[in-house]
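> Got a sequence here, can you build the structure:
(one chain, ligands or ions: 1)
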Amino acid sequence: MTPRCARTSRRSSGASRPTSNGARAVSSDSRRLPIYGGRDEGPRPATRQLVADALDRGVDPVAVIERVALGVDAIVDALARAPAPGEGATACARGCSSCCHQRVEMTAAEVFALARQVVLRGDEVIVARVAARAAEAKGLDGRAHHLARIRCALLADDGSCVAYGARPLACRRAHSTDAEVCRAAFDDPTRAGRVPDAPSITWNASAVVVGAYEGFAHARRPPAMYELHGALALALAAGAEARWLGGEDVLVGARTRSADEVARVLGLA
Ligand code: SF4
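Predicted structure coming up:
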């Protein structure tokens, strides 16, 4: 398989093509009703159920989100290999990393998955870079972050992601069907332009992500959003993960959206 960019998957998967009407039947347990808006179809209901059940059984939330991430990869890879009729092929390639200069928002479980990877790597330069970028990104909204072209601390010189296996869901979902548009937006961030995507990838990958968020919410861990660098810097502090697992929002200093705001954005009825 052609290697792709820092964000999108290089991993081959045996996933079959997901479709919007390919939902697996799930139980109608009233406690498991969808809580966000939008179409409750495709991989969303099954993801919600699996995530909620796993968390209820006491499975480590980081392991749960890592499993969800593999599901997103499988969808993106399958549809990139065989684009849906009428959709352009993805243009992402290894070393193409324009999109790794934008603000990345992620949930706490994703942050701790990333933190584990960084700790495992044991590279003090990366840890220092995370702290420096956290300071640069502090207080910036998505637009200001884009205009400042803050390079992700996890982006290597060759344009690859040093934490590829633990990169956030947003990075896994991100793709483009026109690399020139991405490059132009990077070269001149003041030019507003929509990056063209493959709608089937966006829809199906988003269905997994929303289903996962709902699963966390059902398990009484409603997801809030955090800026990558600020949150990662906080997560790398001694004892942070244990305190988070104990129910404390140790990442609050990097929070970009509360759980209530996430629910509002996603259309909580
Ligand atoms: S974590 Fe950073 S370097 Fe890795 S894919 Fe995401 S934005 Fe790019």
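
> is it true that Ala134 touches Leu232?
Yes - Ala134 is within contact range of Leu232, at 7.3 Å (criterion: CB atoms under 8 Å). C-beta: built from backbone N, CA, C; applies to glycine.

> Which of the two has more residues huddled nearby?
Between Ala134 and Leu232, counted using other CB atoms under 10 Å, the more crowded position is Leu232 (31 against 21).

> element containing the more buried one, please.
Per DSSP states H and E, Leu232 falls inside helix 228-235.

> Check which element follows that helix along the chain.
Sequence-wise, the next helix or strand downstream of helix 228-235 (DSSP H and E) is helix 240-245.

> Which pLDDT does the model give the closest residue to Arg149 other than its chain neighbours?
In space, Arg149 comes closest to His101 once its chain neighbours are excluded; the distance is 4.7 Å by CB to CB, 6 or more residues apart in numbering. Listed pLDDT for His101 reads 95.

> Contact residues of the stretch 151-269 of the chain facing the ligand?
Residues of the stretch 151-269 of the chain lying close to the ligand (CB under 6 Å from any ligand atom) are 152, 154-155, 161, 163, 167-168, 171.

> The residues you listed: which two are farthest apart?
Using CB to CB, the two most remote members of these are Leu155 and Pro168, lying 13.0 Å apart.

> got the residue ranges for the helices in the stretch 51-200 of the chain?
Along the stretch 51-200 of the chain, the segments classed as helices by DSSP state H, counting those that start in this stretch run 61-81, 108-121, 124-137, 142-148, 169-173, 179-187, 199-218.

> residue contacts, the nearest residue to Leu266 once chain neighbours are set aside?
In space, and not counting its chain neighbours, Leu266 is closest to Tyr36: 3.9 Å by CB to CB, 6+ apart. Listed by CB atoms under 8 Å, 6 or more residues apart in numbering, the contact set of Tyr36 reads 210, 213-214, 263, 266-268.

> Perfect, that will be all.
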